[in-house]
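In: Sharing a model that was predicted from the sequence below.
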Amino acid sequence: QVVKFGDGAISIPRIPFAMQFDLKLGGTGPFLSGLRVALADAVVAHVLDTATDHFSKIDLRKADERLEGFIDQLHLKCKIALEWKERSKPAIAVQNLHLKFWLPD
């Protein structure tokens, strides 16, 4: 899938995942009582790496008119990782953030 961002686009790769359905086959009422989705850590890391790689190639001046006054292209480079501080609460960690910009004289 491709997500537009300014004049650029971020390509999100295919994401293989597993689904587990909790079914109640006897009685009445809802037959589906739960659903779980599982992703391998390597898959999550690959998706985040691919998305940040595509994002880093976008000139941010074209994504936001407030940045048009900068002389050179603006590219945000970073490493994004998913961390699990608690079992059910993932957190996004941004590391090695790098942005270089030049103002007009």
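Out: Received, thanks.
In: Tell me how far E86 lies from V2.
Out: If you measure E86 against V2 using C-beta to C-beta, to the nearest Å, the figure is 33 Å. From N, CA and C alone the C-beta is placed, and that goes for glycine too.
In: Sketch out the low-pLDDT regions of the chain for me.
Out: 104-105 (pLDDT under 70).
In: Which parts of it are helices?
Out: Taking DSSP state H as the criterion, the chain carries its helices at 41-56.
In: Contacts only, for the residue nearest to the spatial centre of it.
Out: Nearest to the mean C-alpha position of the chain, counting by C-alpha atoms, centre = their mean, stands L48 at 5.2 Å. Residues in contact with L48, defined by C-beta atoms under 8 Å, 6 or more residues apart in numbering, are I80, A81, L82.
In: try 10 Å this time
Out: The neighbours of L48, taking C-beta atoms under 10 Å, 6 or more residues apart in numbering as the test, are K79, I80, A81, L82, I92, A93.
In: Which residue comes closest to the first one once chain neighbours are left out?
Out: Residue nearest to K79 in three dimensions, not counting chain neighbours: Q95, with 4.4 Å by C-beta to C-beta, 6 or more residues apart in numbering.
In: T50 contacts I10, doesn't it?
Out: Yes: contact status for T50 versus I10: in contact at 8.6 Å, counting by C-beta atoms under 10 Å.
In: buried set for stretch 66-86?
Out: L74, H75, I80 (16 or more other C-beta atoms under 10 Å).
In: Pick the one among these closest to D22.
Out: I80 (32.1 Å; C-beta to C-beta).
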